[in-house]
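In: next comes the sequence, and after it the predicted model I'd like to discuss.
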Amino acid sequence: MSPQSNWITYALASAVFAALTALFGKLGVVGLNSNLATFIRTVVILAVIGGIVSLRGEWQNPSSISTRSWLFLVLSAIATGLSWLCYYRALQLGPVSKVAPLDKLSVALAIVFGIVFLGETLTWPVALGGGLIVAGSIIMVVF
């Protein structure tokens, strides 16, 4: 596999882990406050990622990170935290078979945001795929 296509492997692994996140999250939030469940998840993630960064020797001086990177990483973290809080509450209240498809509307939103804010080009395959994701999510939730 070429380095250029390596992202596909990581993207597919992300999809598998996201599916497991939904399954394990639904099972784990039973009888537990969804905000506390999100906190526990976050602490575990912090420990796992900290361990990986340590084992790989990837720590760097925080002052060497640009202000722009800090700003967008903090905003990303806030968005992630809010997403997780909403996701776990949705899992607690609804079936995973309907929560997960609605959550995946983030794909269509990311396409729109990429076009609007990053100047990415909308191609027919991307537009069609995004539209099918929206249609599929609606079908799965409504019917």
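Out: The structure has been received and is ready for your questions.

In: buried ones in the helix of greatest length in the chain?
Out: Scanning the chain for the helix with the most residues, using DSSP state H, yields helix 67-93. By neighbour count on 16 or more other CB atoms under 10 Å, the buried set for helix 67-93 is 84-85, 87-92. The way it works is simple: take the backbone N, C-alpha and C, and place the C-beta from them, glycine included.

In: okay, buried residues for the one helix or strand residue 6 maps to please.
Out: Counting by DSSP states H and E, the element that carries residue 6 is helix 6-28. For helix 6-28, the neighbour count (16+ other CB under 10 Å) marks 21-22, 25-26, 28 as buried.

In: also stretch 117-132?
Out: By neighbour count on 16+ other CB under 10 Å, the buried set for stretch 117-132 is residue 130.

In: got the angle for the longest helix of the chain vs helix 6-28?
Out: Following axes from the mean of the first three to the mean of the last three CA atoms, to 10 degrees, one obtains 40 degrees for the angle between helix 67-93 and helix 6-28.

In: and helix 67-93, how far out from the chain middle?
Out: 9 Å (CA atoms, centre = their mean, to the nearest Å).

In: and that helix, what other elements does it pack with?
Out: helix 6-28, helix 34-56, helix 96-103 (3 or more CB pairs under 8 Å, 6 or more residues apart in numbering; DSSP states H and E).

In: what about it, average pLDDT?
Out: Taken as a whole, helix 67-93 has a mean pLDDT of 94.
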